[in-house]
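Undergrad: Provide a 3D model corresponding to the input given below.
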Amino acid sequence: MLQNKKYLIAVSGGPDSMALMNSYKEQIYGVCHVNYHYRDSSNRDEEIVKRYCKNNNIPFFCLSIDPKIYQNKTIKNFESWARKTRYDFFVTIANKANIHDILIGHNLNDWLETAIMQENKKVKTFYYGIKQSNNINGLNIFRPFINKTKKELQQYCDQNNIEYGIDETNFDLTYQRNKIRNEISKWPSEKIKTKINYFEKLNLQLKEIQKQVLYLNDKWVKSNYSLKLFKTFDLNTQQSLIFMLLTNKGINRVSINKINSIIDFLKAKTQNNKYRIGNNKFIFREKDNLLIK
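TA: All right, here's what the predicted structure looks like:
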């Protein structure tokens with residue numbers, strides 16, 4: 001992050017994002033807030049953010065969602081839909097403002113919860129947790145507080161008299177993340193440190209693996225995705241190449257089972273030359289090559 005640069009910032013009204021906003025308020029071009037009207041306190045949180053912006057002369061951009069939209073039975077995963085809706089909104093504001101850098105209030109607790117969820121779901125990844133920075137749909141995401149705990153950020157707000165709201169749905173144990181959050185809250189600090197170190201070591205190993213896979217992926221791309229070349233790689237490399245291919249096509253959170261199923265399809269000696277990979281996209285086998293349409 002650059003000291004004199006201007007950023008957009010995503011603010012929910014919780015202690016994490018309110019602490020972030022107060023810490024970087026001199027560099028904020030505008031605040032993006034999404035009100036899903038999903039819980040009784042949604043309007044309270046919107047007012048908290050709006051009030052802070054008004055008092056500090058910061059432009060406030062709010063997307064207000066009609067609950068009828070997500071109550072539609074076609075939306076099976078609210079969290080996934082909400083995330084996409086949120087980031088689409090961020091991109092819209094970024095394009096209008098011609099500012100393509102945004103701050104997000106993810107913290108160390110979020111990082112650890114995500115890493116544990118990834119491990120539990122056995123998803124293929126080159127990184128456990130949440131990266132400090134990445135790019136989504138052309139938007140540069142920065143998470144300055146990814147190494148700070150939720151407790152530290154709430155204490156910061158309390159010490160600086162910064163108003164914030166607590167999302168009561170965080171205590172709803174029907175959500176997998178909340179179950180993990182509740183479990184972690186019972187761990188002694190030493191166990192938390194051990195778990196964090198475990199994932200950090202994994203990430204260092206994965207970084208080296210990714211370097212090797214990028215080299216082999218370059219060879220595979222230049223061969224026009226030759227299936228003959230693909231079959232010469234070991235299984236771990238094949239899994240990594242398919243994972244990289246899918247993420248490059250915007251298909252994320254792919255399980256090992258899904259990847260192995262695609263590998264079986266590519267190796268199979270059947271007449272079926274079409275495999276659906278999601279989002280109305282298909283893998284095709286044409287002679288010795290793989291195509292995605």
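Undergrad: so what secondary structure elements neighbour the helix or strand of the chain with the lowest mean pLDDT?
TA: Lowest by mean pLDDT, DSSP states H and E among the helices and strands of the chain is strand 274-278, with a mean of 83. With contacts defined as 3 or more CB pairs under 8 Å, 6 or more residues apart in numbering; DSSP states H and E, strand 274-278 has these neighbours: helix 256-267, strand 281-286. Yep, even glycine has a C-beta here, placed from its N, CA and C like the rest.
Undergrad: shaky segments in the stretch 101-250 of the chain?
TA: Across the stretch 101-250 of the chain, nothing is flagged by pLDDT under 70.
Undergrad: and what about Thr270, helix, strand or coil?
TA: Following DSSP: H, G, I helix; E, B strand; the rest coil, the label given to Thr270 is coil.
Undergrad: off-centre distance for stretch 214-223?
TA: Distance of stretch 214-223 from the chain centroid (CA atoms, centre = their mean, to the nearest Å) equals 26 Å.
Undergrad: pull the residues that contact it.
TA: Stretch 214-223 is contacted by residues 226, 229-230, 233, 237, 241, 244-245 when judged by CB atoms under 8 Å, 6 or more residues apart in numbering.
Undergrad: again with stretch 77-90
TA: Stretch 77-90 is contacted by residues 8, 10, 32, 34, 36, 38, 63, 65, 70, 75, 102, 136-137, 139, 175 when judged by CB under 8 Å, 6+ apart.
Undergrad: check stretch 274-293 too.
TA: 224-228, 230, 245-246, 249-251, 262, 265-266, 273.
Undergrad: quick one, which of those are buried?
TA: Among the contacts of stretch 274-293, the ones that count as buried by 16 or more other CB atoms under 10 Å are 225-227, 230, 245-246, 251, 262, 265-266.
Undergrad: circling back: for Ala94, state which of the contacts of stretch 214-223 is nearest.
TA: The closest of those to Ala94 turns out to be Met244 (CB to CB; 26.3 Å).
Undergrad: circling back to that earlier point, in TSV: the buried ones among the contacts of stretch 274-293, plus distance to Ile192.
TA: Below are the buried ones among the contacts of stretch 274-293 laid out as TSV (distance: CB to CB, whole Å):
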residue	distance to Ile192
Tyr225	43
Ser226	46
Leu227	45
Phe230	41
Leu245	35
Leu246	32
Ile251	32
Ile262	36
Phe265	41
Leu266	41
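Undergrad: what's the most distant pair in those?
TA: Longest span within the buried ones among the contacts of stretch 274-293, CB to CB: Ser226 and Ile251, 21.5 Å.
Undergrad: show me which positions of stretch 272-283 end up buried.
TA: Buried residues in stretch 272-283, counted by 16+ other CB under 10 Å: 275, 277, 283.
Undergrad: before we move on, the earlier item: among the helices and strands packed on strand 274-278, which gets the worst mean confidence?
TA: Among these, strand 281-286 has the lowest mean pLDDT, at a mean of 86.
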